Structures are given as C-alpha cells and as structure tokens.
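> The following comprises the amino acid sequence and a computationally predicted model.
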Amino acid sequence: TASAKNILLTNDDGWAATNIRALHRDLTAAGHNVVTIAPTVQMSGNGARFGIPAATTLKTPALFNYPPAGSPSWGHEEDDYNMWYFDGTPAACVAAGLDYVIPNYFSNMTIDLVLAGPNEGNNLGERDFVLSGTVGAVNYGIQRGYPAIALSGANSNNSFFKDNLNDNPNDAPNIYSKKSVELVNQLFESQGENPRV
C-alpha cells in the first residue's frame, strides 16, 4: 500500500455532500492524513473564481442547513478538526486550507496532494476547463505549486451525507470513492524516490 500522505481535499458541491464525505472517510481509512475544506453551498460553475466570505457569519444557511444561518463563515465539525467548511469558492477553499487551516491547526504540515471532488456530475469537454469549480480548485492548487487532481462522476445527485452516506459498495459515492483511493494510492506508489507525486 502507499505510504501515508497529507492530502488537502475540497469540492464544489459543498462540505456536506455525500461524495466528499465518502472520499474523506476512505482516504483516511487507507492511512492518509486528510484535511477537507469545502464550500458551504453548491459552487458548481464558479471555475477558478476567488470568492471569500463577505461577513464573519453566514447570512444564509449552508446547503442542507448544515450549518444554519448565523453560524461562523468558516469552521469545522464539532468533533473533527480534519473536516472544515468555508463560505467561499472552491479555489478560495484551497487557499483557506493552505494559508489558515494547515498553519494554525496542523503545525504547517506539508501537503503532498490537493484533490477536488468527486464532483457530483460529469466534467467533460473544453468548457469545463474554465467553468468547473472542481477544476478551478485544482488549477489554484497547481498555481500554488502543489500536485492536484480533479475527480468527477456522473451521479449528478447532490445529497446530504447524513441522509445518504453508507457502506453499500454499489452506491455511486462509494464507487467513486473506492476508485479515487485506488488512483491516489497508485500515484503515490509510483512516486518512488521523486520528491513529489
């Protein structure tokens, strides 16, 4: 198996989406140190736009009312410092992870890989290179000097993880997660003596 690596994970479907929660769970189970920081709301179609919170509290509720309006504009699961939300675009979530969360909560650890997704819908075609928030997050990570991968699937169902995250190997989020972990592990195993994946 691949050595444990430090991974920054985001998406454009929101931190409470089932796909990202499945991937966070499975990358962690595979031995990686995963810090997830993702938007509070659906941010598909924002490309590499860099949008940050306009206030220190949420003026409207996050997707699935998780967290509700009036909550801080960024924060983490009550019992998990590795799972963060940020009221900004996917690219800004990567910046918040690299410039705030990692330095302040993870001793400024070195990130080995930035992942975005799995997006809950296809990202196919030339227009998605500039339109997709998933791809925009990866582009920002690459511009900052990090290896990065955008992951997408075809389920197009932005579901709440508290309602839909399960262990059924035939459910789309679990299929995407399993294949994403296989890809990530293979890349790390192929890294050899190279300093970066």
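That came through fine.
> make it CA atoms for all contacts and neighbour counts henceforth
Fine.
> give me the low-pLDDT residue ranges for the protein?
Low-confidence segments of the chain (pLDDT under 70): 1-2, 123-130.
> Can I get the longest helix anywhere in it in PDB? Just the C-alpha atoms.
Longest among the helix segments of the chain by residue count, using DSSP state H, is helix 172-190. What follows is helix 172-190, C-alpha atoms only, in PDB (Å, rounded to 0.1, in the frame of the first residue of the first chain):
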ATOM      1  CA  ALA A 172     -22.300   5.900  -6.500                       C
ATOM      2  CA  PRO A 173     -20.400   7.800  -3.800                       C
ATOM      3  CA  ASN A 174     -18.800   4.600  -2.600                       C
ATOM      4  CA  ILE A 175     -17.800   3.500  -6.100                       C
ATOM      5  CA  TYR A 176     -16.300   6.900  -6.900                       C
ATOM      6  CA  SER A 177     -14.500   6.900  -3.500                       C
ATOM      7  CA  LYS A 178     -13.100   3.400  -4.000                       C
ATOM      8  CA  LYS A 179     -11.800   4.200  -7.400                       C
ATOM      9  CA  SER A 180     -10.400   7.600  -6.300                       C
ATOM     10  CA  VAL A 181      -8.500   6.000  -3.500                       C
ATOM     11  CA  GLU A 182      -7.100   3.300  -5.800                       C
ATOM     12  CA  LEU A 183      -5.900   6.100  -8.200                       C
ATOM     13  CA  VAL A 184      -4.300   8.100  -5.400                       C
ATOM     14  CA  ASN A 185      -2.600   5.100  -3.900                       C
ATOM     15  CA  GLN A 186      -1.200   4.100  -7.300                       C
ATOM     16  CA  LEU A 187       0.200   7.500  -7.900                       C
ATOM     17  CA  PHE A 188       1.900   7.600  -4.500                       C
ATOM     18  CA  GLU A 189       3.200   4.100  -5.000                       C
ATOM     19  CA  SER A 190       4.600   5.100  -8.400                       C
END
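> what's the closest non-adjacent residue to P169?
Leaving aside its sequence neighbours, P169 sits nearest to I175 (C-alpha to C-alpha, 6 or more residues apart in numbering; 6.3 Å).
> Make sure the one you found is actually in contact with N168.
No: I175 is beyond contact range of N168, at 9.0 Å (criterion: C-alpha atoms under 8 Å).
> measure S152 to P118 for me?
Note on S152: its distance to P118, by C-alpha to C-alpha, to the nearest Å, is 5 Å.
> Which residue of the two possesses the greater neighbour count?
Per other C-alpha atoms under 10 Å, whichever of S152 and P118 has more neighbours is P118, with 30 against 21.
> In a strand, that one, correct?
Yes: judged by DSSP: H, G, I helix; E, B strand; the rest coil, P118 forms part of a strand.
> for it, what are its contacts?
Shown in contact with P118 (C-alpha atoms under 8 Å, 6 or more residues apart in numbering): N11, N19, I20, L23, A150, L151, S152, G153, Y176, S177.
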